[in-house]
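Participant: Requesting a structural model of the entry that follows:
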Amino acid sequence: MPILLIIFFLLFPYDFAFSGVDHLAADYRPLRGKNIDDCASKLKSRSGGWCEIRHSDLYPSISSVWPKNIDNKTRMITGPSSILHAWNSAAFDASRYKLFFMSGGHADYGGNEVYEFDLKNGSWSRITEPSPLDYLFISRDYDADKKKPWRRLCWIPNINTVPASTHTYDGLIFSDITQTIFLYVMGAANGSCIEDQSDKFKSDPLVLGTTADTIGWYEFNPSNKITQNNLPPLSWRKVLTFEQLKSKAIHQGYPVSTLLNNGSIVFGSRYKTVKYNPENISQRSFSPFSAQADWGDGTKIYDSYRNIVWSLHNKALLAFDGDRGSFLYKLSADSPHGKSLAVAKDKRLYAWDGTSSISVIDPDGDRQWKTLEWSINGPPTGDGRVYGKWVYLDKEDLFVGLSTHKTGVWVYKHPENPTYTQYSNINPQDLVNKSKPGDKVTIPPGTYRHGIFVNKSLHLGLNGVIFRGTVNKKSIINISCDNCNVLIDDFVGDGAVANCQWGNCAGIKAEGNNFNLTLKNARISKTVMGVLTDNRGGQVILEDSIIEDTGIGGGSSTLGHGFYAGDIDKVIVKNSIVRRSFGKGHIFKSRASDTLIENSVLAGLDGRHSRIIDFPCGGKLTIRNSVLQQGKQTDNIDLISVGTEPQNCGGGVHSSDISIKNSWLIFDREESADEPSADYGFNRIFTWRAPVSHFDVSQNRIIESTGRMRFDGEDHIPDMSRQNQMFQSRKDAGLGPVEIPYKGIIQKPLL
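Facilitator: Numbering: from 1, shown residues only. Presented below is the predicted three-dimensional model:
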């Protein structure tokens, strides 16, 4: 190999990548299918992509068959959504193409009902009902807590015959030999409990034991007609108790399980597993299998091509011999994988992060993870705790996955020649964490898997940096500090690329008491929110920046505001553009006491937006030498609101001082019959509900075609039309037909 090429590989700080299919193109938008055959047929015409088997828009998947009336004792904190969202797996019947789901666990959900998804029919069913929680277990015994010397008892079903709800982790599996499902319960849900201070249940037979007694290995027959492995239809039995598991040194937390080629089940904990024949429930059929160090929870699968049991954890992929269980080797697992794993016929391992990322590794090749980010062409939302809810269908050469009740079941086809993401090997969070308050940290150009969390005063340089993920489930960059000064240069945040199109995910989110944040030369697009703050004071300066297309992904029900400052002290926007919000969000919203907009453009363009400026708590608003443009698809007739949300403004709205001078106010709403705001009346500059301390709207150029515009529909402020130049068209004002007058407003080139 030439010396220069060797140096390149040694120094270039990126994972190796291939290039090929442009999977981010519009041609790869997710499809819809009725069942697995329908999705397989539709995906044939594509080199790769996703197809969703969706029950309905309102109830996409498992929620369509949730119990309608769940008592509070069973519902606990989150209810049945935890069946998918919590640390739970699935069991897959590969011969009948059925997936089985169950359990909530911890304080989340107490139901132990079983759900079935039939891939062939594309149908959901709840095949059992939640067992009544009529019994108790001792969650905290006498004198375990000196401040609470009494017992704490929690409600459970009869654990001698049925399992309690639990976090299954990877402990749920279907046996091809017995045609039954096995479940490893590591402890009962404890969200409905009694502080038994009066010792009411001291000798009550309803108390079945301690937490240990809720642990066990259970078996379930999912057939509604046939007895299987001596189990009647739709019935459970407790195969092994905690003491029996303990005698084999199995139970040490985080259940795992997998099925070997001969039908034997490997199951156990994060430390140790055993192998046994599921037809023989005797402990004598157990034989030791694997032992390992503590890598935390994970998932195990059997690889018949290599006769290897793979064990995937947060940071490691471990290989064990499929016959003896002896440890073979360890690979890194530094890609988004959702603790899910499947082996395809190409012999590579595929992992899904629960949303739009697929990670692939070839154990016989370079042993390097490669990640394919589908972004807006993949599932719009999901949960990163996938486990066994990701399976491979050999006949179709497709994958199937589900991680949230908010979507349908996903069918995935991997491209033959994908464009893998090139990730930097540098961890930018480490650079930030090692810095001292006040330092300048320059992140090297490159593509990074996650966003950045800042909790100190810092100058952050991001020139050439691409973020492919978020941080703290809040934003691409999350600032959270008190009395800190943070300056960020050259930030580029693309919500489609970074998967920031759910909830109220922001390009930048600032939190803390009296922070001071300055953004210079930022480019934020396609996030739900552009910039977002909390309500504890502080200041945000946006300078030489562009925010656009917020809310465009449609993956969130939150209003997609371009810029949203909470109850802070001051906002300054200079030489910046905020434009085109979707999802009925405002272009600019500020609850700050003092807001200055100067040499900037706030434009609705062709977005589906609400107001251009929402100033819901009143205060001081100064606009100089700027453009406010209302798009045709606005759902609001006013350009600006002042003091319209007193219920959300602490002590009420502020007395307001509003000044708009030397600016363009452009109304492109034509009051047509088919527009979103057709029924709301004439165009107006203000909806004003705050006390007036000062008001000056003068020396502006106002374009409004209907001639019926009003300054304020409720006459709280005077009409100052004569102090401004009024035009009925852009042509009259010397502009092109759809021109936004950036020239003369924006002082430094941004476009």
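Participant: pLDDT weak spots in this protein?
Facilitator: Counting by pLDDT under 70, the low-confidence segments of the chain come to 1-21, 251-252, 283, 553-558, 674, 677-678, 751.
Participant: would you list every one of the helices in it?
Facilitator: When assigned using DSSP state H, the helices of the chain occupy the ranges 3-11, 36-43, 72-75, 82-85, 242-247, 428-434, 495-498.
Participant: May I see those arranged in CSV, with mean neighbour count and distance to His337 as well?
Facilitator: Glycine gets a C-beta too; all of them are placed from N, C-alpha and C. As requested, those are exported to CSV (neighbours: other C-beta atoms under 10 Å; distance: least, C-beta to C-beta, whole Å):
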stretch, mean neighbour count, distance to His337
helix 3-11, 9, 25
helix 36-43, 19, 23
helix 72-75, 17, 31
helix 82-85, 25, 17
helix 242-247, 17, 28
helix 428-434, 15, 19
helix 495-498, 26, 18
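Participant: Of those, which is nearest Glu279?
Facilitator: In this view, those are compared for proximity to Glu279 by C-beta to C-beta, and helix 242-247 is the closest at 17.5 Å.
Participant: Which secondary structure elements does that closest one sit against?
Facilitator: When contacts are defined as 3 or more C-beta pairs under 8 Å, 6 or more residues apart in numbering; DSSP states H and E, helix 242-247 packs onto strand 216-220.
Participant: what are the pairing partners of the strand it packs on, and which direction each?
Facilitator: strand 180-185 (antiparallel), strand 236-241 (antiparallel) (DSSP bridges).
Participant: Tell me which of those sits nearest to Ser672.
Facilitator: Ser672 sits nearest to strand 180-185 of all the strands paired with strand 216-220, at 58.7 Å, using C-beta to C-beta.
Participant: can you list contacts of that closest one?
Facilitator: 91, 100, 102-103, 114, 163-164, 166, 168, 171-175, 214-222, 228-229, 231, 239, 255, 257, 265, 267, 278 (C-beta atoms under 8 Å, 6 or more residues apart in numbering).
Participant: would you turn the helices of the chain into JSON lines with distance to Leu487?
Facilitator: Formatted as JSON lines, the helices of the chain follow (distance: least, C-beta to C-beta, whole Å):
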{"stretch": "helix 3-11", "distance to Leu487": "30"}
{"stretch": "helix 36-43", "distance to Leu487": "47"}
{"stretch": "helix 72-75", "distance to Leu487": "47"}
{"stretch": "helix 82-85", "distance to Leu487": "37"}
{"stretch": "helix 242-247", "distance to Leu487": "56"}
{"stretch": "helix 428-434", "distance to Leu487": "13"}
{"stretch": "helix 495-498", "distance to Leu487": "21"}
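Participant: still on that earlier bit, among the contacts of strand 180-185, which ones are in strands?
Facilitator: Per DSSP state E, strands hold the following members of those: 91, 100, 102, 114, 172-175, 216-220, 239, 257, 265, 267.
Participant: Now the buried members of the residues you listed.
Facilitator: Buried subset of the ones in strands among the contacts of strand 180-185 (neighbour count, 16 or more other C-beta atoms under 10 Å): 91, 100, 102, 114, 172-175, 216-220, 239, 257, 265, 267.
Participant: The spatially closest residue to Tyr742 that is not a sequence neighbour bridge partners, please.
Facilitator: If you skip the residues right next to it in sequence, Tyr742 has Val601 as its closest partner in space, 6.1 Å away by C-beta to C-beta, 6 or more residues apart in numbering. Beta bridges link Val601 to Ile577, Val627 when assigned by DSSP bridges.
Participant: Which one of the strands paired with strand 216-220 lies nearest to Lys406?
Facilitator: Comparison of the strands paired with strand 216-220 against Lys406 by C-beta to C-beta identifies strand 180-185 as nearest, at 25.1 Å.
Participant: Now do the closest one: distance to the chain's middle.
Facilitator: Per C-alpha atoms, centre = their mean, to the nearest Å, the displacement of strand 180-185 from the mean C-alpha position of its chain is 29 Å.
Participant: export that strand as CSV, just CAs?
Facilitator: Coordinates of the C-alpha atoms in strand 180-185 are reproduced here as CSV (Å, rounded to 0.1, in the frame of the first residue of the first chain):
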residue,chain,number,x,y,z
THR,A,180,-45.2,-22.1,23.8
ILE,A,181,-43.8,-18.9,25.1
PHE,A,182,-41.4,-18.7,28.0
LEU,A,183,-41.0,-15.6,30.3
TYR,A,184,-38.3,-14.9,32.8
VAL,A,185,-39.8,-12.6,35.5
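Participant: is it true that the residue nearest to Tyr742 touches Val578?
Facilitator: Yes. Contact between Val601 and Val578 holds when scored by C-beta atoms under 8 Å: they sit 7.5 Å apart.
Participant: Comparing those two, which residue is more hemmed in?
Facilitator: Val578 (28 against 25; other C-beta atoms under 10 Å).
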